[in-house]
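Novice: coordinates only, no sequence provided:
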């Protein structure tokens, strides 16, 4: 009996230790429509919740692990929905059929209209050879370029003031430096604390996560 009781207490202790970990892995929020279990970091819950309405997040994106890298196609969808939210006239409802900008994005692709719309708005470009590589992940600096272009598409006449560079500016590609500074200026991208916990870096070659992209798009709407 003593051995059984000891094992029972061991199980209780293990469960107690695991609960906080599970809470971090699956953040939960309650809305008027019910309870949604978002697989994201705790800070991202409010953005995922707001993104359902403001970015028209696809149910599949809501159910997926938002901590994983976003693809180029998914990023194009968010850019188009960001523009649609503020009434730019750019949205995926345009009839782009007959247009085949990228050979690897056929008209039958679920992201076709979004990608064609983002291209028409000047938000995205291909990777060369008439290809877009829709399923590839996107770096943080490339995501910054897309978002900066979206700001321009929303308001072509705005005066884009850039801020001081991030601490790792020398590692940011030349084509992305100005975009990262613009996003810093409008607090759309705040950067991450470096390994020594001393200053904010942008981490340009790191993958952009879904939750990060959703947050930046919502802040873009606020700053348009």
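Specialist: That came through, no problem. Everything quoted here is computed from the prediction, not taken from an experiment. Residues are numbered from 1 along each chain as shown.
Novice: what strand or helix carries the residue nearest to residue 48 when sequence neighbours are not counted?
Specialist: Distances taken as Cβ to Cβ, 6 or more residues apart in numbering put residue 38 closest to residue 48, at 4.7 Å, once the chain neighbours are dropped. The way it works is simple: take the backbone N, C-alpha and C, and place the C-beta from them, glycine included. Residue 38 is located in strand 34-38, with elements delineated by DSSP states H and E.
Novice: same deal with residue 153?
Specialist: If you go by DSSP H and E, residue 153 is part of helix 140-154.
Novice: what packs against that helix?
Specialist: If contacts are counted by 3 or more Cβ pairs under 8 Å, 6 or more residues apart in numbering; DSSP states H and E, helix 140-154 sits against helix 72-85, helix 174-185, helix 210-222.
Novice: tell me the most buried of the ones you listed?
Specialist: helix 72-85 (a mean of 24; mean count of other Cβ atoms under 10 Å).
Novice: immediately after that helix, which helix or strand?
Specialist: Following helix 72-85 toward the C-terminus (DSSP H and E): helix 112-120.
Novice: mean confidence score for that following helix?
Specialist: Mean per-residue pLDDT for helix 112-120: 92.
Novice: and the angle from it to helix 140-154?
Specialist: Interaxial angle of helix 112-120 relative to helix 140-154 (axes from the mean of the first three to the mean of the last three Cα atoms, to 10 degrees): 80 degrees.
Novice: mind listing what's buried along the helix or strand just after the strand holding residue 38?
Specialist: Going down the chain from strand 34-38, the next helix or strand is helix 45-54, by DSSP H and E. Buried residues in helix 45-54, counted by 16 or more other Cβ atoms under 10 Å: 45, 47, 48, 49, 50, 51, 52, 54.
Novice: all set now, cheers.
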